[in-house]
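Whatever this is, show me its structure:
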Amino acid sequence: MKIGILQPGLVPEEILNTVGDYDTQFHRLLGGNGFEFETWKVVNGDFPTGPEDADGWLITGSRHGAYEDHPWIAPLEDLVRAIHAAGKPLIGVCFGHQIIAQALGGKVEKSDKGWVVGPTAYSYPDGIKMVNAWHQDQVTELPPGAERIASSEVCENAAILYPGHAYTVQPHPEFMADYVEQLIRHRSGAVPPPLVERASGMLEQPLDSAEIGAQFARFFKEGRIA
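Numbering: from 1, shown residues only. Below you'll find the model as predicted:
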């Protein structure tokens, strides 16, 4: 099964050589499932010809906001709608979670609840899952037909299921401790110091990232997360 990775952002240069780009991190998360991967860096205007270029699609994170004015945002939203209409399975993570919601009629905003960084607890129907996060923007209104699957104390719409079409999450199951450590070192200037301190102190916290990765693989292969 070929998974097309749509990359709306680039890992900062000072971190890239340590942990790899966004697509590499998803190769690790989804490894062992027999997937083949191809990446399109949509942030650079590199787009596939259409949904038929892959069997399933994944949109990664980005430092950009889904509501910002970039020349690649509208084409990416068009592609999301085309993938949705074609019935191809679609996964979105952080920015991917947000742009899919926005493209399908939801709303994305910079949250007045502030930043969420490092290991964070999310309430799923089958219990609490601890996953790394790094965001301030959130999906504040669900698109028609979307179902909330998980929430946290500060992020109501943390995981969204579009039955038979897409599954998206706000946190980053692909982020391991080494990447969060690098973000803290190089990219935490806008984050309030108490949140940085908390994240730094929780870097060794056991995570449920592999379980979320298993949900992604199951959704790609079977159209379900459980």
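
For the residue nearest the centre of the chain, give me its contacts.
Nearest residue to the geometric centre of the chain (Cα atoms, centre = their mean): residue 93, 0.9 Å. Contacts here follow Cβ atoms under 8 Å, 6 or more residues apart in numbering; on that basis residue 93 touches 58-61, 168-169, 171-174. (Glycine included, C-beta is placed from N, CA and C.)

So which residues of the chain form helices?
Along the chain, counting by DSSP state H, helices occupy 13-19, 22-29, 73-86, 95-103, 177-186, 193-201, 209-222.

So what touches the second one?
Read it as helix 22-29. Surrounding helix 22-29, the residues in contact under the criterion Cβ under 8 Å, 6+ apart are 5, 7, 9-11, 19, 37, 39, 58, 60-61, 173-176, 179, 209-210, 213, 216.

contacting residues around the closest residue to residue 157 other than its chain neighbours?
Counting by Cβ to Cβ, 6 or more residues apart in numbering, the nearest residue to residue 157 once its immediate chain neighbours are dropped is residue 139, at 4.4 Å. If you count contacts by Cβ under 8 Å, 6+ apart, residue 139 has them with 97-98, 101-102, 106-108, 157, 160, 170.

where's the helix or strand of the chain with the lowest mean pLDDT relative to the chain centroid, distance-wise?
When the helices and strands of the chain are compared on mean pLDDT, DSSP states H and E, helix 13-19 comes out lowest with a mean of 83. Centroid separation for helix 13-19 versus its chain: 19 Å, with Cα atoms, centre = their mean, to the nearest Å.

What are the buried residues along it?
Neighbour-count burial for helix 13-19, counted by 16 or more other Cβ atoms under 10 Å, picks out 15, 19.
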